[in-house]
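Novice: pasting a predicted model and its sequence here:
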Amino acid sequence: MPPTIDHDAIFKELLSTFFVDFIELFVPQVVEYAEIQGFSLEPTETVREVFAPVEKGKKKTVDLVARVSFRDSEACFLIHIESQSSAYSEEDLRWRMFYYFSRLHEKFQLPVYPIALLTFDKPKKERNSRCIVSFPDCKVLEFNFVSIQLNRLNWRDFLKRENPVASALMAKMKIAPEERAQVKAECLRLLATLELNQKKMELISGFIGTYLRLNEQEEEVFEQILDSMELKTKERVMLFYTDWQEKGRQEGRQEDILRILKARFQDTPLTLKERIEKISDLEMLGNLLVQAATTPSLGEFESVVRSMT
């Protein structure tokens, strides 16, 4: 079995790395009155503590909370980005956003700009982003937040945006089944035009590879699109593509090893699984594959793995 994908953690890494690009892409109006470039992220443990009464230990990945200054002012405000991969009920999401807002305001005594980034595939119905408490004679509360529901955004609208977040998040937007190969190629084409360091390029290409895994037929279409690209762009895109193929072979061998161990010895210790999943060398994995099929006992196989790592 491939390792479970921690979607919220993947999105948090993307957003914390490309926070300014995210704001410029989806809420550019904020840039007009805020010094976005000088933002600072609130410590993870502080945010975890603030949200603990709301989360009640359910959430593994803590939301992103950034402190930003107003232009021409010493005053600050907070931007809270809730990345939501689970399709909570509409009412639950709305009130959770309000509770987060309340907790942040109580803790920091600062204005809070709340954003919900909805990354789930279904449902596609637009989510309400407003909470209201009212009586016949009085409106007690009206709370609004910015809702960015990726599965309702058309990827073509972001095709010309020279923004790394656009390059990544097109992979999670509204895509027809027959467009998957084209979208993957366009994500990478856009990425290839951006001036990013190696680490950032790998982060985005890995994101695209995670969320746009193609079947054999789609891979053929993808390769045809690559062949039609301008040579310089194609060369850069092929670097990402080769990395994915290498990673795919690595994960495939890891899965084969674990499958053989399960068939021969039933239970495989978690520590052994983790050791195997950390091995990236294909030749070493190939040797372990043979050992998994031939070693007399699980204990002896564990000794072999320890000697290799």
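Specialist: All right, it came through fine.

Novice: longest helix anywhere in this protein?
Specialist: helix 231-265 (DSSP state H).

Novice: beyond that one, next helix or strand please.
Specialist: Moving toward the C-terminus from helix 231-265, the first helix or strand encountered (DSSP states H and E) is helix 270-277.

Novice: flag every buried residue along the helix or strand following that next one.
Specialist: Downstream of helix 270-277, the next assigned helix or strand under DSSP H and E is helix 282-294. For helix 282-294, the neighbour count (16 or more other CB atoms under 10 Å) marks L285, L288, Q291, A292 as buried. C-beta coordinates here come from the backbone N, C-alpha and C atoms, glycine included.

Novice: helices of this structure, residue ranges please.
Specialist: Using DSSP H, helices in the chain cover 7-17, 19-26, 44-55, 90-108, 164-169, 180-193, 198-211, 216-227, 231-265, 270-277, 282-294, 298-308.

Novice: distance check, I79 against E162.
Specialist: From I79 across to E162, the span is 23 Å (CB to CB, to the nearest Å).

Novice: quick one: which of the two has more around it?
Specialist: Between I79 and E162, counted using other CB atoms under 10 Å, the more crowded position is I79 (24 against 11).

Novice: okay, and the beta partners of that one?
Specialist: A66, Y113 (DSSP bridges).

Novice: test for you: state the pLDDT assigned to it.
Specialist: Per-residue pLDDT puts I79 at 98.

Novice: which of the helices of the chain has the lowest mean pLDDT?
Specialist: If the helices of the chain are sorted by mean pLDDT, helix 231-265 sits at the bottom with a mean of 76.

Novice: list the buried residues in stretch 81-97.
Specialist: For stretch 81-97, using 16+ other CB under 10 Å, the buried residues are I81, E82, S83, Q84, S85, A87, L93, R94, R96, M97.

Novice: just those residues now: which is nearest S40?
Specialist: I81 (14.4 Å; CB to CB).
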